[in-house]
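A.B. asks: Return a 3D structure for these sequence lines:
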Amino acid sequence: MTIQTRFYQVSGYRAHSNGWFKQYDDKPMIRALASETSKDFRPGGSDAPLELVLGILPCGASYVLLTTEQMHLFTQKYRLNIPRGSWRSSDFLSLSPICFRSEAELSSKLATYKQRPRNKNRRETEEPRDNSQANRGYVAGPVSVHYRAYFEQQRTLYHLLAKRISPEKFALSPPSWLSGIRVISIVFVQWSVDNRRRDERLQNPSLIEVGITDAHFPSFFDTLTGSGMLKEESRLAAISKGGTTLHLKLKQAAKNPRSKMPNHSKVEEITKSELPQRLRTLFDHDAQKSGMPLIVLCHDEEMTRGILERAGIDVSSYESGLSSLLPFCPAEDKIGHRSRSRSPRRGSCSSVSDYRRDHSRESSETQRHGVQPRSHRGAADYPTAYVVDMQKLVSALMESNAPNTTPETAKLLRIQTDIRTCGGDDSLLQLRMWKSMAEGAAIDEQRSSRTMSEAPCAELLPEPAPKKEAQDDDDDDDDPNDFGDCDPNDFESAPPTVTRAIDDFSDDDW
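C.D. replies: Numbers count the residues shown, from 1 in each chain. Alright, predicted model coming up:
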């Protein structure tokens with residue numbers, strides 16, 4: 001497949017599809033798109049979902065796109081006018097798959113791009129812009145790197161590793177790391193009652209424990225799928241196969257009032273002075289030599305960078321997000337090819353008059369607006385690590401401030417969990433959260449799905465029943481009432497959620 005570097009907008013503000021079938025009526029186009037069964041539109045087969053491209057601009061606005069090949073096939077089949085211009089791959093911060101299982105799903109998505117009537121009293125002075133339900137919250141304000149695009153980059157990465165998509169369709173050269181990547185999920189658990197200012201805590205955090213899951217992805221989760229009724233020993237053995245999960249307890253540290261004992265991680269007790277060396281050993285990774293990029297999952301990137309830097313780790317080469325791991329191939333200008341900016345006021349972000357001209361990552365203007373160019377990086381030219389801040393990703397997904405701890409953030413995602421902290425288990429939970437988001441639907445559809453669902457265990461799980469003291473021989477028979485108020489069957493009957501597809505941990509695991 002030829003690498004696609006130009007894309008065509010379907011529906012919405014000044015879309016390329018406007019007027020293809022019926023002016024101001026997308027129904028015929030939606031019906032035609034939904035009926036496409038060719039491999040270009042349904043790579044998984046004629047019965048598979050329709051696969052299009054979701055592009056997110058630096059301001060956070062999104063558009064549903066056709067590749068150049070899809071556009072040519074579609075316009076030729078229905079004898080439609082070929083659009084005069086196009087979006088370039090470099091116009092977007094992310095290009096990711098978006099799938100539709102039915103005509104109704106496609107219609108529902110494209111309806112969110114419908115333009116609202118403009119105020120007739122301000123038509124003479126108000127600049128036209130995208131005021132659709134999908135994008136009106138992102139078109140105002142300064143152009144900035146947006147975590148909505150960072151979220152979609154996780155999805156692109158996951159679908160590439162799972163071999164669910166073709167890289168060429170999303171303006172990518174086939175990466176050399178498709179056999180796998182290294183992922184370190186790290187959680188620094190701090191004293192929960194530390195009331196110092198944030199700047200003081202950043203300089204000298206009150207650490208209690210550190211959780212680490214070091215995994216080869218995606219093979220690590222192969223051992224976690226299947227039966228959720230494994231015995232505890234078998235489950236821990238499965239976790240250890242293909243990776244490790246450690247719970248580093250710091251000696252003489254305080255204890256959080258809402259903490260729990262590790263159930264899914266190996267426990268080691270170390271001194272605070274031993275921690276820096278352990279971290280340096282953990283992060284001693286040569287991406288160029290191994291040919292395996294390193295992704296670091298954390299909860300609060302600023303705090304994590306500070307702790308690693310004080311441990312003697314050079315974090316200056318650590319990059320935020322996955323932009324340089326997924327470098328877009330630049331679109332080459334062709335003789336006779338006209339720019340997409342047919343109007344002097346074309347553009348969807350803020351008051352930018354010509355987005356493709358003024359904010360092309362191939363121009364120096366991008367640096368002035370704080371947008372890093374998506375330049376083409378060599379196949380093995382990796383930075384030391386790519387840092388993914390789970391707190392910010394969840395905030396972008398749920399459009400709500402993510403809480404301060406990993407279990408609380410997991411609860412916001414509607415993942416089965418209680419909110420007690422445990423460094424080792426939380427690092428594994430954080431990895432599950434990342435996979436849950438990356439393998440899920442596109443950002444807006446995934447938010448709707450999670451918002452409407454409930455975690456299988458909405459209430460906090462009860463503490464384990466205390467062991468009973470030795471009793472008289474006359475009291476050998478167990479009284480069922482002695483086992484507390486928790487009935488395991490209550491957890492067995494919990495309804496499935498998005499995270500059930502990750503692994504079938506039993507409901508009381510978290």
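
A.B. asks: quick one, helices of the stretch 301-450 of the chain?
C.D. replies: 301-310, 355-358, 365-368, 390-398, 406-412, 423-438, 443-452 (DSSP state H, counting those that start in this stretch).

A.B. asks: what residue is smack in the middle of the protein?
C.D. replies: In the chain, the residue lying closest to the centroid (C-alpha atoms, centre = their mean) is residue 151, at 3.8 Å.

A.B. asks: Show the subsequent helix or strand relative to the host helix or strand of that residue.
C.D. replies: Residue 151 belongs to helix 147-161 when assigned by DSSP states H and E. Going down the chain from helix 147-161, the next helix or strand is strand 181-190, by DSSP H and E.

A.B. asks: next structured bit after that following strand?
C.D. replies: Using DSSP H and E, the helix or strand that follows strand 181-190 in sequence is helix 198-203.

A.B. asks: The helix holding residue 151: which residues count as buried?
C.D. replies: 147-161 (16 or more other C-beta atoms under 10 Å). All C-beta spots, glycine's among them, are computed from the backbone N, C-alpha and C.

A.B. asks: Which neighbouring elements make contact with it?
C.D. replies: Contacts defined by 3 or more C-beta pairs under 8 Å, 6 or more residues apart in numbering; DSSP states H and E place helix 147-161 against strand 50-56, strand 94-100, helix 390-398, helix 423-438, helix 443-452.

A.B. asks: Contact partners for residue 184?
C.D. replies: Counting by C-beta atoms under 8 Å, 6 or more residues apart in numbering, residue 184 touches 212-215, 282-283, 294-297.

A.B. asks: buried set for stretch 39-59?
C.D. replies: By 16+ other C-beta under 10 Å, the buried positions in stretch 39-59 come out as 40-43, 49-59.

A.B. asks: ditto for stretch 403-416
C.D. replies: Neighbour-count burial for stretch 403-416, counted by 16+ other C-beta under 10 Å, picks out 403, 405-416.

A.B. asks: need those in a markdown table with distance to residue 79 and pLDDT, can you?
C.D. replies: Output for those, formatted as a markdown table (distance: C-beta to C-beta, whole Å; pLDDT from 0 to 100):
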| residue | distance to residue 79 | pLDDT |
| --- | --- | --- |
| 403 | 54 | 92 |
| 405 | 58 | 94 |
| 406 | 55 | 95 |
| 407 | 57 | 94 |
| 408 | 56 | 94 |
| 409 | 51 | 95 |
| 410 | 51 | 93 |
| 411 | 53 | 92 |
| 412 | 49 | 93 |
| 413 | 46 | 93 |
| 414 | 46 | 91 |
| 415 | 49 | 89 |
| 416 | 52 | 68 |
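
A.B. asks: Residue 64 belongs to a strand?
C.D. replies: Yes. Checked against DSSP: H, G, I helix; E, B strand; the rest coil, residue 64 lies within a strand.

A.B. asks: distance of the residue lying closest to it once chain neighbours are set aside from residue 50?
C.D. replies: Among residues not flanking residue 64 along the chain, residue 10 sits closest, at 4.8 Å (C-beta to C-beta, 6 or more residues apart in numbering). Separation of residue 10 from residue 50 (C-beta to C-beta, to the nearest Å): 11 Å.

A.B. asks: Give the intersection of the neighbour lists for the two.
C.D. replies: Listed as contacting both residue 10 and residue 50 by C-beta under 8 Å, 6+ apart are residue 33.

A.B. asks: count of neighbours near residue 430?
C.D. replies: For residue 430, the neighbour count with other C-beta atoms under 10 Å is 24.

A.B. asks: Filter the contacts of residue 184 down to the ones in helices?
C.D. replies: Using DSSP state H, residue 282 are the members of the contacts of residue 184 that sit in helices.

A.B. asks: would JSON lines of the contacts of residue 184 with distance to residue 254 and neighbour count be doable?
C.D. replies: As requested, the contacts of residue 184 are exported to JSON lines (distance: C-beta to C-beta, whole Å; neighbours: other C-beta atoms under 10 Å):
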{"residue": "212", "distance to residue 254": "20", "neighbour count": "23"}
{"residue": "213", "distance to residue 254": "24", "neighbour count": "27"}
{"residue": "214", "distance to residue 254": "26", "neighbour count": "19"}
{"residue": "215", "distance to residue 254": "29", "neighbour count": "24"}
{"residue": "282", "distance to residue 254": "24", "neighbour count": "17"}
{"residue": "283", "distance to residue 254": "26", "neighbour count": "20"}
{"residue": "294", "distance to residue 254": "32", "neighbour count": "20"}
{"residue": "295", "distance to residue 254": "31", "neighbour count": "20"}
{"residue": "296", "distance to residue 254": "26", "neighbour count": "23"}
{"residue": "297", "distance to residue 254": "25", "neighbour count": "25"}
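
A.B. asks: quick check, nearest of the contacts of residue 184 to residue 99?
C.D. replies: The nearest member of those to residue 99, counting by C-beta to C-beta, is residue 295 at 24.2 Å.
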